[in-house]
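> sequence below, structure please.
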Amino acid sequence: MSMDPCADPRRTTSTLNEVKNDTGRIAFCGPYVLSAITGRSISKVEDAIRILRDLPAERKPVIVGTYAEEVASALWSFGYKMDLVESFMHLERKQQPSVWQWMQKPRNAWAHYILAIQKGREGHWILIKGVKMCDTYTEGKWTFVCDGPHKGCKIMEIFQVRRAIVVS
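All right, here's what the predicted structure looks like:
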């Protein structure tokens with residue numbers, strides 16, 4: 001076993017991974033968020049989701065929409081776990097907190113949080129760590145939440161992501 005801390009590509013660091021879109025096309029929010037957490041490229045993340053969807057190896061459709069279970073399973077395949085912290089699905093949209101309201105509450109500044117938000121009539125994944133966010137609208141670059149496009153969006157669910165500890 002190597003003692004080199006850089007030997008494991010899944011190693012979490014205090015740095016923020018920028019998304020590596022190596023597909024040559026537009027990618028969608030699920031793969032973007034997963035790429036930013038894991039440091040893996042969009043193509044590797046989409047391949048992991050395709051495997052979970054049990055698609056034949058020769059089929060390579062674009063991953064457009066993802067469910068929470070798919071995001072959690074893909075994270076698990078890269079050595080991470082995703083836990084539901086809070087759900088606001090039982091509330092009417094007007095009663096759900098906005099991203100900016102949630103940012104004012106205490107939380108772990110070192111943890112990654114995946115937020116399922118309402119963007120128009122559809123759901124959208126964003127990733128927050130500390131006071132920065134990353135998603136498709138920022139083109140995979142980390143920006144301050146206060147400068148981001150989603151401050152007023154309503155939150156449906158909040159998930160915290162951590163490295164999965166495997167005991168053998």
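> what's the longest strand in the chain?
Taking DSSP state E as the criterion, the chain has its longest strand at strand 154-163.
> and residue 136, its phi and psi?
phi -70, psi -30 (degrees, to the nearest 10).
> isn't it up against residue 32?
Yes: here residue 136 reaches residue 32: they are 5.0 Å apart, a contact under C-beta atoms under 8 Å. Heads up, the C-betas are built off the backbone N, CA and C, glycines and all.
> who has more neighbours out of those two?
Neighbours per residue (other C-beta atoms under 10 Å) separate residue 136 from residue 32, with residue 32 holding more: 24 against 19.
> so that one lies in a helix, does it not?
Yes: applying DSSP: H, G, I helix; E, B strand; the rest coil, one finds residue 32 inside a helix.
> go ahead and confirm it touches residue 19.
Yes: with contact defined as C-beta under 8 Å, residue 32 counts as touching residue 19 (5.3 Å).
> can you list residues touching both of those two?
42, 134, 140 (C-beta atoms under 8 Å, 6 or more residues apart in numbering).
> what about residue 52, how many neighbours?
17.
> ok, now residue 94?
Residue 94, neighbours per other C-beta under 10 Å, totals 6.
> filter the shared contacts of residue 32 and residue 19 down to the ones in helices?
residue 42 (DSSP state H).
> is it true that residue 72 touches residue 82?
Yes: Residue 72 lies in contact with residue 82 (C-beta under 8 Å); the separation is 4.3 Å.
> looking at the two, which is more packed in?
residue 82 (23 against 20).
> so the more buried one, which of the three states?
From three-state DSSP, the assignment for residue 82 is strand.
> beta partners of it?
Beta-bridge partners for residue 82, by DSSP bridges, are residue 161.
> which residues of this protein fall in strands?
80-87, 112-119, 122-129, 132-134, 143-144, 154-163.
> any idea how far residue 54 is from the most centrally placed residue in the chain?
Nearest to the geometric centre of the chain sits residue 33, at 3.1 Å (C-alpha atoms, centre = their mean). Using C-beta to C-beta, to the nearest Å, residue 33 is found at 22 Å from residue 54.
> cool, residue 47 as well?
13 Å.
> the two - which one has more neighbours?
More neighbours surround residue 47 than the other of residue 47 and residue 54, with 19 against 6 (other C-beta under 10 Å).
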